[in-house]
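Structure for the following, please:
(chains A, B and C)
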Amino acid sequence: MMKRNHLYTMIAVAIAVLFVVYADNNFDPFVLRVFNLCAIYVVLAVSLNLVNGFTGLFSLGHAGFMAVGAYVSALLTMTPDQKEMNFFLAPIVPWLHDISLPFLPALLIAGLVAALSGVLVGAPVLRLRDDYLAIATLGFAEIIRVVITNVQTVTNGALGLKGLPKYATTFWVWGAAAVSVLFMVFLIRSSYGRAIKAVRDDEIAAEAMGINVFRVKLASFTASSFMAGVGGALLGHVLTTIDPKMFTFLLTFNILLIVVIGGNGSITGSVIAAIGVTVLMELLRFLDGPMNLLIFKTDGLPGLRMVVFSIMLMAMVIYRQRGLMGNREFSWQMVADAAALPRSWIAAVKRRARRTGGK
Amino acid sequence: MLQTDNVSMRFGGLNAVADFSVTVEKNEIVGLIGPNGAGKTTAFNMITGVYTPTKGRILFEGSDITDLKPHSITERGIARTFQNIRLFKEMTVVDNVLTACHMRINTNMFEATMHLPGYLRREKEAREFTASLLDAVGLSAAGGELAVGLPYGKQRRLEIARALATRPKLLLLDEPAAGMNPQESKDLMEFIVRIRDEFDLTILLIEHHMQVVMGICKRMYVLDYGLTIAHGTPDEIRKDPKVIEAYLGVE
Amino acid sequence: MSSSLILQNLANSLSLGSLYALIAIGYTMVYGILRLINFAHGDIFMLGAYIAFYAVSMFLMPWYAGFVVAIGLTALFGILLERVAYRPLRDSPRISVMISAIGASFLIENLGIVIFGGRPKGFPVPDLFGTVVHLGSVSIVSVSLFIPVFTFAILAVLLWIVNHTKTGMAMRATSTDLDAARIMGIDVNRVVSFTFGVGSLLAALGGIMWTLKYPQLNPLMGIMPGLKCFIAAVIGGIGNIMGAVLGGFLLGFIEIMIVAFLPDLSGYRDAFAFVLLIVVLLVKPSGLLGKHQAEKV
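Here you go, the predicted structure:
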């Protein structure tokens, strides 16, 4: 049984890889972009779930760490010429002017700087609980954004950066998604993962079992910030333009929506929901544009799409708090059970038929 | 082994525990009894570092642990159970105990996630130890169940197994017999003596009902309204007029 | 530094601070009763301003009637919001309610964009509020004089309600222990509705005053004042009405003074509140006037 499951897994991975190759070669540019955004949202959702779902900390600061990652990677990879074109209001500081790194080191440094800011933010605020933590992390994200808007000579301020190298290809983003998911799976299955979940379930008991709760929280928050930074950097290199307005609370809201829909504490749920929500966001884009309904015509209602997503979030939390997956994870057993469902329904129908027939 | 010097805890204007001084010698089973609200659990919370005493010192194996954090105190070798069971509800029975092994597995996020060989070896040892602990408390068959689904008595035993997984020298049990019938509590007391011998433990035990612990404690302390009103052998305690008054009220 | 400049800035911070205080009271009341950060409070503030705008400019009501209608409708909306978005989650983890509140906030903002349009609108300020008054060397828009008066009048009424009426007693009981209050026969749902009604009423009033002071409306106008006033409530000690007022004034004062005397930092204006919040949370998490609550083990 164990061996057969391994085989299934290998086949599934092979199919996934082939699909990514197929998509990269055959999807038209717009669809491919959405496909790649899905991967980035997988990275982001999984990382937010590490903090919110597994560690039980309610953080609303994800957009801040993404901004850090996006800006670091952009500034490290852009050519001096590109930088000069962007910084026309005030010249860029000299030490950043000539740096131009390849993608991988830039991406890792982006993650590390985001992780470092995660430590700096986390060390003071992770002592807070629940709603206080939420508002403090939200506050830090806003502070990061305000700072980015104001340090003109480093970030180009409110103008943002244009012409980022388009490094984040299909393979990069899906590779990053795969690494993030694997990291999470291995982490959660390890002793450290148990410690993380123990902190979520009962801090006082965890502490009494010799777990350094603060250190576990900080490690989880830092790892999550790293992934958020990488996710932000990838986003920048897909869109090729970044500015401080991208990284508002709305961005955190989108990721939170994914985590809640997928299920707090389910990696599988986050992956499914990341793909589902990203696709839906594109599919529902027509809502914001002009519409010609049979009865009346509208000239475009920007905001309508977000209305749908807000209602979705509220409905989810009111009617199905545990999300799609609860805290369960994918297993082949689950597939087998699902496949067996129709058969058991048929059996039940037959049984009833026999019983009524016998009467 | 454990010694507290005039340890006191004040909440606002309330003296929850005042001048609490106990000594516990190695391999003893010592009882801490008293009516509801006498400050027994507060005393435990001070020893285990959940609260920092407002006054006094706590010594464990000769070193001062008064200001240490709970996890450092556990690391030194003091483990506890909770009065209102605090298991990790969303985890299985096995994972509850394994979680308590985390400290001794002594790993970091990177090593654990990468499943490096050193970590895997210690994880395997922890799993074996967990199996033996579950066996000792009679929960081997329930290993895969969620902790929250266990019946009450088994939850209490799981809490003890989880505390043992930290490899303590001193075990603090907070009303382990709460909610049990006389026969069950008698069995539990025998079980406590057995684990003391098997794991070479020293035990400090909170109990609400005097009779339950009379049989296994050589010495006990009686708390009432935060004050230590008596200490001595069970016989001495039984006859002490202050204890009778505290339990029965003044006639 | 001339004394007239200092006086001018003091007057400005008094009016901004009392505006913050007014909105912060709504946060603090709801938090006191339900332990919930009503993320949508700032959006209710926006709603109040818009309803007043439409009442005056579209339905051509006299301003005072329009304001009363706006305040009344907004209060009803607040009550409705609690029914739909928060009551079903009364016994759920606090985080779930908070997520619902975040959803509600985005919902109102985007409904605002759909219904009112995303483009900013100018508010027709009545002459009574829009004239510039000169008091010695200080010149000030008349609405800035009304705001502190309103705030203090409302504060007095609220404190009287909370401390001297039966409803106030029920509110205090519910805030101490919701379940115990229910067992004691208090109609908790009524208390909660009342609280949301009053909180939203104050938000609407705040919204109207805000637009009289800064006469421009847009559907996202509630976000920043909302966050800042929540911060004011936390700084003062959330759950405590006097604390919210204190926090509001403190925040208004610091913002105005930093911008006035350290103009290099004015770009960072929106970050001051958050920095202050984090400092307060770290130094005294229960806020200036809040009481510390120990967790039971």
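
If you count contacts, what does the lowest-mean-pLDDT helix or strand in chain B end up packed against?
In chain B, no helix or strand scores lower on mean pLDDT, DSSP states H and E than helix B:210-214, which sits at a mean of 80. The criterion is 3 or more C-beta pairs under 8 Å, 6 or more residues apart in numbering or on different chains; DSSP states H and E, and the helices and strands that helix B:210-214 contacts are strand B:29-33, helix B:182-198, helix B:234-239. C-beta: built from backbone N, CA, C; applies to glycine.

got the buried residues for that helix?
B:210, B:212-214 (16 or more other C-beta atoms under 10 Å in any protein chain shown).

Distance across stretch A:96-106, terminal residue to terminal residue?
By C-alpha to C-alpha, to the nearest Å, the extent of stretch A:96-106 from end to end equals 13 Å.

Not counting sequence-adjacent ones, nearest residue to residue 194?
Let's take chain A. B:T99 (4.5 Å; C-beta to C-beta, 6 or more residues apart in numbering or on different chains).

My question was about chain C, not that one.
C:T167 (6.3 Å).

Quickly note the distance from the one you found to C:G197.
11 Å (C-beta to C-beta, to the nearest Å).

of these two, who's got more company?
More crowded of C:T167 and C:G197, by other C-beta atoms under 10 Å in any protein chain shown: C:G197, with 19 against 14.

What helices and strands are in contact with the helix or strand encompassing the more buried one?
C:G197 belongs to helix C:188-213 when assigned by DSSP states H and E. Counting contacts by 3+ C-beta pairs under 8 Å, 6+ apart, helix C:188-213 is packed against helix C:3-34, helix C:41-57, helix C:63-81, helix C:142-164, helix C:166-176, helix C:178-183, helix C:223-236.

How is C:L36 assigned, secondary-structure-wise?
Three-state call for C:L36 (DSSP: H, G, I helix; E, B strand; the rest coil): coil.

Check whether it really touches C:V97, as I assumed.
Yes: counting by C-beta atoms under 8 Å, C:L36 touches C:V97, with 5.3 Å between them.

Could you check which of those two has the larger neighbour count?
C:V97 (26 against 21).

Quick one: the helices in the stretch 201-350 of chain A, in order.
Ranges of helices in the stretch 201-350 of chain A, per DSSP state H, counting those that start in this stretch, are A:203-208, A:213-239, A:249-262, A:267-283, A:304-319, A:332-358.

dump the residue contacts of the closest residue to C:R190 other than its chain neighbours.
Distances taken as C-beta to C-beta, 6+ apart place C:A170 nearest to C:R190, at 7.9 Å, with adjacent residues excluded. Applying C-beta atoms under 8 Å, 6 or more residues apart in numbering or on different chains to C:A170 gives the contacts C:181, C:186-187, C:190-191.

Go again with 10 Å.
Residues near C:A170 by C-beta atoms under 10 Å, 6 or more residues apart in numbering or on different chains: C:181, C:184-188, C:190-191, C:194.

So which of the residues you listed wins on neighbours?
C:V191 (23 neighbours).

before we move on, the earlier item: of the helices and strands packed on helix C:188-213, which approaches A:N254 most closely?
helix C:223-236 (16.2 Å; C-beta to C-beta).

Check the spacing between A:I267 and chain C real quick.
19 Å (C-beta to the nearest C-beta, to the nearest Å).

I'd guessed that residue sits against A:S331; true?
No: counting by C-beta atoms under 10 Å, A:I267 stays clear of A:S331, with 11.9 Å between them.

Look at these two and report which has more neighbours.
Between A:I267 and A:S331, counted using other C-beta under 10 Å, A:I267 has the larger neighbour count: 28 against 11.

quick one: contacts for C:I6?
C:I6 sits next to C:138, C:257, C:260-261 when contact means C-beta under 10 Å, 6+ apart.

Output the below-cut-off pLDDT ranges for chain A.
Along chain A, segments meeting pLDDT under 70 span A:1-2, A:291-300, A:357-359.

Try it again at 90.
A:1-6, A:9, A:88-92, A:94-95, A:97-98, A:124, A:127-132, A:135, A:284-305, A:320-359 (pLDDT under 90).

For it, which segments count as strands?
Using DSSP state E, the strands of chain A run over residues A:161-162, A:241-242, A:291-292, A:297-298.

Identify the residues contacting the first one?
Applying C-beta under 10 Å, 6+ apart, the external contacts of strand A:161-162 come out as A:70-71, A:74-75, A:78, A:82-83, A:85-87, A:155-156, A:236, A:240-243.

Please repeat the previous calculation with a cut-off of 7 Å.
Outside strand A:161-162, the residues that touch it by C-beta atoms under 7 Å, 6 or more residues apart in numbering or on different chains are A:74, A:86, A:241-242.

For stretch B:229-243, the averaged confidence score.
Average pLDDT, stretch B:229-243: 88.

Pull up the distance across that stretch, start to finish.
7 Å.

Kindly report the same for stretch A:201-215.
16 Å.

Next, the buried residues of that stretch.
A:201-214.

How about stretch A:95-110?
A:96, A:100, A:103, A:106-110.

Much appreciated, bye for now.
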